[in-house]
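> Below is the sequence, then the predicted model.
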Amino acid sequence: MSALEAVRSRQSWSKVTELAPNREELLQLVAAAGRVADHSSLRPWRLIELRGPDREVLGAAIAKAEGDKSPSSKPLRAPLLIAVVASYRKSDKVPRWEQEAVASGVAHTLSLLLDEAGWGVLWRTGHYTRSKAVAKAHGLGKDEELLGWLYVGGKPAGKRPGRRKPVDARKLVTRMPKKKDKKK
């Protein structure tokens, strides 16, 4: 499958089976995803693999962040969650926003690679991604922020992925404005 075909066929899978890639499969895909454009090669990102009881710890942290008494069941919706972390590096050349863009690029590329490998993937976020309880559960450092999680599992037989509206590129790709002549 070409990169164009992989991107065109990518869909979010809100429901997945209990199958998931093993660690070695995941590491191979992460190594490829890490090749995104990265000014100064700072690698301002890291990923946290959550499986089994790790997901319950996250559910408790989300509940704490939300002020709920019962743990959130959201992390149990997939057998593998991959926390996407922006790990900001000191740099005079690369601003913070650009480093976050690199981390987002790694996550998106990884989601494409997982999809191409036959896995169902959904990128989840929420206001609690920036909460102290959730940051503590993930062991984030002072120069790190959680951007969300890739929920990964098997694609259920007979189920269809979520629907996506087609992109009208003509409306989204513009040209530079023409320079106006100044009249004297």
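Noted; the coordinates are in hand.

> mind listing what the residue sitting nearest the centre point of the chain touches?
When C-alpha atoms, centre = their mean is applied to the chain, the residue found nearest the centroid is Ala107 (3.9 Å). Contact partners of Ala107, counting by C-beta atoms under 8 Å, 6 or more residues apart in numbering, are 33, 82, 84, 123, 147-148, 150. All C-beta spots, glycine's among them, are computed from the backbone N, C-alpha and C.

> could you turn the host helix or strand of it into CSV, dropping everything but the C-alphas?
Per DSSP states H and E, Ala107 falls inside helix 96-116. Below are the C-alpha coordinates for helix 96-116, written out as CSV (Å, rounded to 0.1, in the frame of the first residue of the first chain):
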residue,chain,number,x,y,z
ARG,A,96,7.7,25.0,22.1
TRP,A,97,4.9,25.0,19.6
GLU,A,98,7.1,23.4,17.0
GLN,A,99,8.2,20.7,19.4
GLU,A,100,4.5,19.9,20.2
ALA,A,101,3.9,19.7,16.4
VAL,A,102,6.7,17.1,16.2
ALA,A,103,5.1,15.0,18.9
SER,A,104,1.7,15.3,17.2
GLY,A,105,3.3,14.3,13.9
VAL,A,106,4.8,11.2,15.5
ALA,A,107,1.3,10.3,16.9
HIS,A,108,-0.4,10.8,13.6
THR,A,109,2.2,8.9,11.6
LEU,A,110,2.0,6.0,14.2
SER,A,111,-1.7,5.9,13.8
LEU,A,112,-1.4,5.6,10.0
LEU,A,113,1.2,2.8,10.4
LEU,A,114,-1.0,0.9,12.9
ASP,A,115,-4.0,1.2,10.6
GLU,A,116,-2.0,0.0,7.7
